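# could you work out the structure for the sequence below:
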Amino acid sequence: MSSVAITGNAAGAGVFTLASPNSASSFTATLPAATTTLVGTDATQTLTNKTIEGGAITSGTVVSVSGTTVDFTSIPSWVKRITIAMQSISTSGSSSYILRIGNTTFTTTGYVSVMNYVAITANSSTGDTSTTGFLLTKDGSSSFAFTALATIVLQSSGFYICTFTGMNSAGPGFFGTGHLNLGSVLDRVRLTTVNGTDTFDAGSINILYEG
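Residues are numbered from 1 along each chain as shown. Just a heads-up that it's a prediction; the model follows:
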């Protein structure tokens, strides 16, 4: 193992030593083109203006829903889990709500999705399936105020699993799961309706993602 010693500056007489690893291989450490302070694993330091991939949870921007679709795009390729938080969402019609994912464009085929809801007042339950997206609701109406959390996780290369739980202000509780072999890393998520023509007229949505 070799090392390089650097003598102290005018403020001190200490020696700073750079030691190479105990290896026959060669390595290159590239320093930033800036006047900066290096980060050490054993040092107590405060980091600012840094992007940590694969660690911290990143929050998007809460948006009020409108139009026939609500899209979140430019999701980084390193993301492994996405949480979609929906609050009091309603539309102009009765078409079921659905989530879609994609890369460059949104995928509308190949999903395996099932959802169920329990009507507490009627003491009954019913369900539905979809191959065009991750289905969230059934038997909706324009009076819906749908609040839910949906999680989309990268299980293996290009294969995504979605689970969700939610409720309508009128009483039913919703839950479901699904999966899609996207065949690539996703970069976008869309909330829309099955018929694609009902318009969102109330509520808000946000996403959070992490590696």
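# what's the neighbour count on F27?
For F27, the neighbour count with other C-beta atoms under 10 Å is 7. Where C-beta positions appear, they are placed from N, C-alpha and C, glycine not excepted.
# need the contact list for it.
S20, P21 (C-beta atoms under 8 Å, 6 or more residues apart in numbering).
# let's go with 7 Å and repeat that
When contacts are counted by C-beta atoms under 7 Å, 6 or more residues apart in numbering, F27 is found next to P21.
# let me see the contact set for the residue nearest in space to the middle of the chain.
Centre of the chain computed as the mean C-alpha position; nearest residue by C-alpha atoms, centre = their mean is I82, 2.1 Å away. For I82, the contact set (C-beta under 7 Å, 6+ apart) comprises I75, I152, V189, I207, Y209.
# which strand or helix spans it?
strand 81-91 (DSSP states H and E).
# may I have that strand as PDB, with CA atoms only?
Presented in PDB, the C-alpha positions along strand 81-91 are these (Å, rounded to 0.1, in the frame of the first residue of the first chain):
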ATOM      1  CA  ARG A  81     -41.200   2.400  -5.000                       C
ATOM      2  CA  ILE A  82     -43.900   5.000  -5.600                       C
ATOM      3  CA  THR A  83     -46.700   6.000  -3.300                       C
ATOM      4  CA  ILE A  84     -49.700   7.800  -4.800                       C
ATOM      5  CA  ALA A  85     -51.700   9.800  -2.200                       C
ATOM      6  CA  MET A  86     -55.200  10.800  -3.300                       C
ATOM      7  CA  GLN A  87     -57.500  13.000  -1.200                       C
ATOM      8  CA  SER A  88     -61.300  13.500  -1.700                       C
ATOM      9  CA  ILE A  89     -61.200  12.900  -5.500                       C
ATOM     10  CA  SER A  90     -64.300  13.100  -7.600                       C
ATOM     11  CA  THR A  91     -65.300  13.300 -11.200                       C
END
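# returning to that earlier point: would JSON lines of the contacts of I82 with distance to A34, pLDDT and secondary structure be doable?
JSON lines is the format used below for the contacts of I82 (distance: C-beta to C-beta, whole Å; pLDDT from 0 to 100; DSSP: H, G, I helix; E, B strand; the rest coil):
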{"residue": "I75", "distance to A34": "29", "pLDDT": "96", "secondary structure": "coil"}
{"residue": "I152", "distance to A34": "37", "pLDDT": "98", "secondary structure": "strand"}
{"residue": "V189", "distance to A34": "35", "pLDDT": "98", "secondary structure": "strand"}
{"residue": "I207", "distance to A34": "32", "pLDDT": "97", "secondary structure": "strand"}
{"residue": "Y209", "distance to A34": "28", "pLDDT": "97", "secondary structure": "strand"}
